[in-house]
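Asker: below is the structure, and that's it, no one-letter string:
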């Protein structure tokens, strides 16, 4: 069932989204060669709790950390540890969720570590822009397929591929709600968008093929061919006009 949020619920989601966005900004300031993913995770955890919220990911389905931090060919769900140290030339994906008074924000970014390759920078840029291409269609009256089609067409036109085994989703009182929001599909298909729907739209883009696999830890998803992957995500609210970005610092 797709849940339409009222103005009070949307206000709480804005607060959750702001905390999420601010946590990501703090994480961005920490990114440099030599720092561990565990250090970044702790900073995110402490900040979210200081804001009177709780980390949405911690314990979710058994996940052992407050943020998913994934390096290079890791697509999503990387587990922070003291042994994962950022190195010059890496790209790091940080996915954060904060739960505030019963509602969740969910957002992700991909960051370069020091000087990275031109192709890595282009992958990061295309992934981010594919989100904003999709936002042109994220309005009441359109369909979920319009969002996925916009992401896929832009990504493919730039020579990359979209992950098909993992998708975006509704977000609200639950971290994952209906509907699924694929980053591929046919325009004009799928669930219709209504004002008050809240979605986590999250392009996951691979430099090589779209195929992925889950590692032995049961969480970390990597590209099958070992090539780089990037991730960009915001929680949004559908309106009759332009969507509202909920995971921003305003």
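Answerer: Yep, it's here. For clarity, every value in this text was computed on a predicted model and none was experimentally measured.
Asker: per-residue pLDDT, residue 12?
Answerer: pLDDT recorded at residue 12 is 98.
Asker: contacts only, for it.
Answerer: Applying C-beta atoms under 8 Å, 6 or more residues apart in numbering, we find residue 12 in contact with 100, 101, 102, 103. All C-beta spots, glycine's among them, are computed from the backbone N, C-alpha and C.
Asker: how close does it sit to residue 44?
Answerer: Noted for residue 12: a distance of 20 Å to residue 44, by C-beta to C-beta, to the nearest Å.
Asker: number of nearby residues for residue 55?
Answerer: Look at residue 55: counted by other C-beta atoms under 10 Å, it has 24 neighbours.
Asker: can you count the residues close to the spatially closest residue to it that is not a sequence neighbour?
Answerer: Spatial nearest neighbour of residue 55, excluding adjacent residues (C-beta to C-beta, 6 or more residues apart in numbering): residue 66 at 3.6 Å. Here the count is done by other C-beta under 10 Å, and residue 66 has 27 residues near it.
Asker: these two touch, right, residue 66 and residue 47?
Answerer: No - applying C-beta atoms under 8 Å as the test, residue 66 and residue 47 come out as separate, 9.4 Å apart.
Asker: doesn't residue 236 make contact with residue 243?
Answerer: Yes - using C-beta under 8 Å, residue 243 is in contact with residue 236, at 4.4 Å.
Asker: in terms of neighbours, single out the busier of these two.
Answerer: For residue 243 and residue 236, the more surrounded residue by other C-beta under 10 Å is residue 236, and the numbers stand at 28 against 23.
Asker: what's the spacing between that one and residue 161?
Answerer: For residue 236 relative to residue 161 (C-beta to C-beta), the value is 24 Å.
Asker: try residue 115
Answerer: Where residue 161 is concerned, residue 115 sits at a distance of 25 Å (C-beta to C-beta).
Asker: show me what contacts residue 227?
Answerer: The contact partners of residue 227, taken as C-beta under 8 Å, 6+ apart, are 73, 206, 207, 208, 209.
Asker: and for residue 30?
Answerer: Residue 30 neighbours (C-beta under 8 Å, 6+ apart): 39, 40, 43.
Asker: what's the neighbour count on the last one?
Answerer: Looking back up the chat, that one is residue 43. Neighbour tally, residue 43, other C-beta under 10 Å: 18.
Asker: with the first one instead?
Answerer: For residue 39, the count of nearby residues is 17 (other C-beta under 10 Å).
Asker: and it, that one's in a strand?
Answerer: No - read with DSSP: H, G, I helix; E, B strand; the rest coil, residue 39 is helix and lies in no strand.
Asker: who's in contact with it?
Answerer: Neighbour list for residue 39: residue 30 [criterion: C-beta under 8 Å, 6+ apart].
Asker: distance check, it against residue 80.
Answerer: From residue 39 to residue 80 the distance is 8 Å (C-beta to C-beta).
Asker: next: residue 190.
Answerer: 34 Å.
Asker: the two: who's more crowded?
Answerer: Between residue 190 and residue 80, counted using other C-beta under 10 Å, the more crowded position is residue 80 (23 against 20).
Asker: pretty sure the more buried one sits against residue 38.
Answerer: Yes - counting by C-beta under 8 Å, residue 80 touches residue 38, with 4.7 Å between them.
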